[in-house]
Every structure is written in structure tokens, then in C-alpha cells.
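[1] just to be clear, the model below is a prediction. Sequence and coordinates:
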Amino acid sequence: ISAAAIDLAFWDSVKGSSNPADLQAYLQRFPNGSFAVLARARIKEMGEVAPGRFTPVPLAEAGSVPFGEYHALVIGINNYRAIPKLRTAITDATVVAGLLEKAYGFKVRLLIDATRGQALDAFDDFRRELTEKDNLLIYYAGHGYLESESDRGFWLPVDADANRRANWLSNSDISDLVRATRAKHVLVVADSCYAGTLTRSVSVQMTGLEDMARLAQKRSRTVLTSGGLEPVADTGGGQHSIFAKVFIDLLMANTGVIDMSQMFSAMRRQVILGAQQTPQYSDMRQTGHEGGDFIFVRKNR
């Protein structure tokens, strides 16, 4: 069966539906399909937001852009000592780390069941080592906590105690690291409850492909979270959390060069349809963001 025939058959199965999720499903499968324009128009009529297009720039076209070196600190915590354990965080972190290293050429430091001290030591290493030509991605999968009195969010390392904050990592700790690093582009990806306290607003303004070189030149300090001020699912994506599964799938689907804004547009709806949480992407508060964006450059298939 040809791709065009599959496209037509899928569209025939959903074109009469009054449920926007059915049309969203068509666009997720065929973002540039024969009926994509019609599907987006129908979704707009229903008052819904259509998923963004996922259209990487071919490597050959972006080859002259100086993207710099890529580094990642990936943290996954399951086996908490004093609070409930998680099930998928280590698997999520391990797969993300491997994909970044093998497919994107990142130099990756993977921390499993990290203590607060181990996480801070890794942060300090990056502060000393990175330069203005580097890119840094920080991926965290673990428990999060929102202190309602101060409206401050925390990451909970493996040695965190539920009733003592000595071993917690606050948003200000994370922001201090991001503010102090010399890397041109920094992206924090937080798959934890209440991670939305790291963001300034709901989302960044979407950009066109022609702006890729401009985005690469400007400093960026951005954060992608699996939810807002809400609990998020530790499961839902098979061996992964629903958020991690979508993030991993899009990294695998990328065939060239793509900015995080486009990826977020493509992944937001998929997470919303699969779980009761709403991912967010924005610049980080008071960290020196200058309008750039984090860019993923595929190296190997």
C-alpha cells in the first residue's frame, strides 16, 4: 500500500468526526499530509490548537551555521531513600543520555540516583569548563515539590527528606547555575511535578526556519517542563513517562536541524492527549536570555 493511500484511508476515517482529538491524531501521523491544511482549519473552527509542524532543516542547508559543541547533564532518580520511589526516571534518563550521545554527538554526564552534592558538583564542573561556543542541556527526571508558602519549586535528589530541605535543590539553585555558565545556549528539561515554577510564561514565540542562524547566534536560557504547577505522570509511555516518550520519539524523528520551539509545538498536544498535564516551554526567569533558542543538530541515524 502506498503512503498516499494510507494518508487517504486515515483521513477518511476521521474527516467526519466532531472530536478534535481525531483530527489531531491525523496531523500527528501526517503533519504535511494531503489533508493537513483542511485538518488544521477544522480544528481551528472547533476552537482547538493544532499541533505545530515538525520540519527540520536539512543538514546540507544548515552546514555553514556554527552551532558549537554540545554537552548534557542527565539526571534520573528512582530509588529514593526517604520518600516514595519512582518507576521510569532512570530508564528515561538512560535512554535520553544514549540518544543525545550517539545520534547528536553530545558529551554526556549521566547521574543515576544522584545526591544533592553530586548534582551540585556536576553543575560546578560545567560552570568551569564550558565556553561561549558551547551548548548545555540539563535533563532531570525525578520528584519535584512546590512549597506553597514561598511559591518556590524544588528538585528532590535521592537523599532528600520529606520534612527537611537541606538536601533539596531549589529553582534558585538551578537558575544560579544557568545564569553563571558561559555556554551560549542552555536548555533545562524537567520531567517532575510542579516544574512550571521555572518558567516565565506559557510558551515562547514560534519562529520560522529562516531564523535558524539568528537563533544560533543569540544567547538562550530556556526551560521545557513536563507540566505546569501540577503533578505529572511517572508512567503512560510504556517503559517511560508520557513526557519522556514523546521527547525521545521526536529526537529520534528529527532528520536534520530543529529548534526546541518547533519540537515543543509538536510534542505539547501529544502529551496533553496522553495525560492530565500540560507541558510548558519558555525562557527562564532572570538568567540572561537574549532571544535565542536551543537547536538540535542530528549527527547520526
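    Looks like it arrived, so ask away. Numbering: from 1, shown residues only.

[2] how close does Ser192 sit to Ala162?
    Noted for Ser192: a distance of 15 Å to Ala162, by C-beta to C-beta, to the nearest Å. Using the backbone N, CA and C atoms, a C-beta is placed for each residue, glycine as well.

[3] give me the secondary structure label for Ala213.
    Secondary structure, DSSP: H, G, I helix; E, B strand; the rest coil: Ala213 is helix.

[4] can you give me the strands in the stretch 1-150 of the chain?
    69-76, 107-112, 134-141, 143-147 (DSSP state E, counting those that start in this stretch).

[5] can I get those strands in CSV including mean neighbour count, distance to Leu251 and mean pLDDT?
    What follows is the strands of the stretch 1-150 of the chain, written out as CSV (neighbours: other C-beta atoms under 10 Å; distance: least, C-beta to C-beta, whole Å; pLDDT from 0 to 100):
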stretch, mean neighbour count, distance to Leu251, mean pLDDT
strand 69-76, 23, 12, 97
strand 107-112, 17, 13, 98
strand 134-141, 24, 11, 97
strand 143-147, 20, 22, 86
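
[6] my guess is Val65 contacts Leu215. True?
    No: counting by C-beta atoms under 8 Å, Val65 sits too far from Leu215 to count as a contact (9.3 Å).

[7] which residue is the nearest non-sequential neighbour of Ser175?
    Once flanking residues are discounted, Ser175 sits nearest to Thr287: 5.5 Å by C-beta to C-beta, 6 or more residues apart in numbering.

[8] just give me the neighbour total for that neighbour.
    23 (other C-beta atoms under 10 Å).

[9] give me the neighbour count for Gly142.
    Other residues near Gly142 come to 28 when the count uses other C-beta under 10 Å.

[10] so it sits against Asn79, correct?
    No: using C-beta under 8 Å, Gly142 makes no contact with Asn79, being 10.5 Å away.

[11] if we can go back for a sec, could you dump the strands of the stretch 1-150 of the chain to JSON lines with distance to Ala119?
    Listed next are the strands of the stretch 1-150 of the chain as JSON lines, based on distance: least, C-beta to C-beta, whole Å:
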{"stretch": "strand 69-76", "distance to Ala119": "6"}
{"stretch": "strand 107-112", "distance to Ala119": "7"}
{"stretch": "strand 134-141", "distance to Ala119": "9"}
{"stretch": "strand 143-147", "distance to Ala119": "13"}
